[in-house]
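Peer 1: Have a look at this prediction, sequence included:
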Amino acid sequence: MTRAYWCVLIAGLLPYLATATAKAGAKYDNNHPRDWLAKQEGWRRRANAAQSNGFEAFPFFAAAVIVAHLAHAPQGRVDLLAMGFIAARVAYIATYIADVAPLRSLVWAAGLGCAVALFFA
C-alpha cells in the first residue's frame, strides 16, 4: 500500500480523533450523543465542528488520491501531497480547538490546495 493510501486511511480516522477530543474527560451522554454534543460550548464545540469538517473534507481528498493513482502520477509527488494534506488537517484540528481562526483558515486552504494539486499531479 502506498503512503498516499495510508494517508487516506488516516484522513478517514482523523475526524474520530476530534470527536474523542470533544468527549474527553466529560460526563458524556452516550444515550443521546448528538444532543449532548450540540449543547457543548467552547473547545468541545469547536472539536465537534472540526470533526464535522473532517468528514466533509474526506471524500474530496480520497477521490483526489484515487484519481492521481489512476492517472499514474509520479508516486513521490502523490505521497508528498497526501502527507501535506494530513499535516494540514492535523493543524486544522489543533487550530480549531485552540480557537485560532486566521491560522485555521490558512491550514484549511493548504489542505484544500494539496487535494486539488493531486488532481493535476
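Peer 2: Right, received. Where do you want to start? Numbering: from 1, shown residues only.
Peer 1: Contacts for the helix or strand of the chain with the lowest mean pLDDT next, please.
Peer 2: For the chain, counting by mean pLDDT, DSSP states H and E, helix 33-38 ranks last in confidence among helices and strands (a mean of 84). Here helix 33-38 makes contact (Cβ atoms under 8 Å, 6 or more residues apart in numbering) with 22, 28-29, 44-45, 48. For glycine as for every other residue, the C-beta is placed from the backbone atoms N, C-alpha and C.
Peer 1: buried ones in the lengthiest helix in the chain?
Peer 2: The residue-count maximum for a helix in the chain (DSSP state H) belongs to helix 42-70. By neighbour count on 16 or more other Cβ atoms under 10 Å, the buried set for helix 42-70 is 44, 46-51, 53-54, 57-58, 61-62, 64-65, 68-69.
Peer 1: In this protein, which residue sits furthest out from the middle?
Peer 2: In the chain, residue 31 marks the outermost C-alpha relative to the chain mean, sitting 26.4 Å out by Cα atoms, centre = their mean.
Peer 1: tell me the pLDDT at it?
Peer 2: Residue 31 carries a pLDDT value of 86.
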